[in-house]
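Novice: Provided below for reference: sequence and predicted model.
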Amino acid sequence: MTKFLAVLSGVLLATSVALLEPWIGVPALVVVGLGWWLRSLAVCAVLLALGVLVIADAGVLASAATGLVATTYLLNAATVTAPHGVVPTTIPSVAGAVGFTAAAVLAALVPLRLAWAPLAAPVLVLVLYALVIQGVAARRGRGDRELGQTTKLPGPAGPADVSKRRDATGGGRGRAGW
């Protein structure tokens with residue numbers, strides 16, 4: 001199935017290039033075909049498609065469709081020679097590609113011109129990143145120990161408090177020496 005998707009997405013990539021600039025269609029098909037065996041040529045095929053988008057001054061939808069096909073081509077062409085069982089087109093990868101394509105189309109088609117948007121974009125990216133990481137990060141329960149706490153170790157005269165050291169420099173939480 002991976003080889004079929006690699007061939008299909010490669011043919012679609014070459015077709016999208018040929019529709020925008022017919023004279024580059026044949027070289028694009030050659031580079032796409034060679035990209036199934038040489039990964040660096042697969043990247044060159046996508047860069048060729050990107051160059052054609054720039055030269056042809058393509059619209060938003062043509063650019064989005066070509067980008068989606070290029071993403072699918074790179075995902076599948078990279079795993080044509082992979083061992084059996086490697087599946088690049090999973091539901092999360094397809095949903096991410098389609099979702100980001102839809103977001104890019106929406107952002108390009110909405111006629112919103114805000115002078116302060118370039119200033120707000122980095123802050124918005126950091127806030128979104130923090131929200132995603134917060135959902136992925138491991139959470140500790142109330143009974144979980146931290147690394148710097150003491151433990152009771154049995155000794156010859158009974159249990160004794162022994163602090164765990166985090167590193168050889170003697171640094172750690174609650175200690176002077178930083």
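Specialist: Looks like it came in fine.

Novice: report the rounded mean pLDDT for stretch 45-57.
Specialist: Averaging pLDDT along stretch 45-57 gives 93.

Novice: which parts of that stretch are buried?
Specialist: 45-46, 48-49, 52-53, 56 (16 or more other C-beta atoms under 10 Å). Every C-beta, even on glycine, is put in place using the N, C-alpha and C of the backbone.

Novice: and if you look at stretch 57-66?
Specialist: Neighbour-count burial for stretch 57-66 [16+ other C-beta under 10 Å]: 58, 63-66.

Novice: between those residues, which sits nearest Ala28?
Specialist: Proximity of the buried residues of stretch 57-66 to Ala28 (C-beta to C-beta) peaks at Thr66, which lies at 11.0 Å.

Novice: circling back to that earlier point, now, which of the buried residues of stretch 57-66 sits nearest Val110?
Specialist: Ala64 (14.0 Å).

Novice: please identify which helix or strand holds the closest one.
Specialist: helix 60-77 (DSSP states H and E).

Novice: that helix packs against which elements?
Specialist: helix 2-20, helix 25-35, helix 39-56, helix 91-109 (3 or more C-beta pairs under 8 Å, 6 or more residues apart in numbering; DSSP states H and E).

Novice: can you list those in JSON lines and add distance to Val123?
Specialist: Formatted as JSON lines, these follow (distance: least, C-beta to C-beta, whole Å):
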{"stretch": "helix 2-20", "distance to Val123": "35"}
{"stretch": "helix 25-35", "distance to Val123": "39"}
{"stretch": "helix 39-56", "distance to Val123": "29"}
{"stretch": "helix 91-109", "distance to Val123": "17"}
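
Novice: many thanks, we can stop here.
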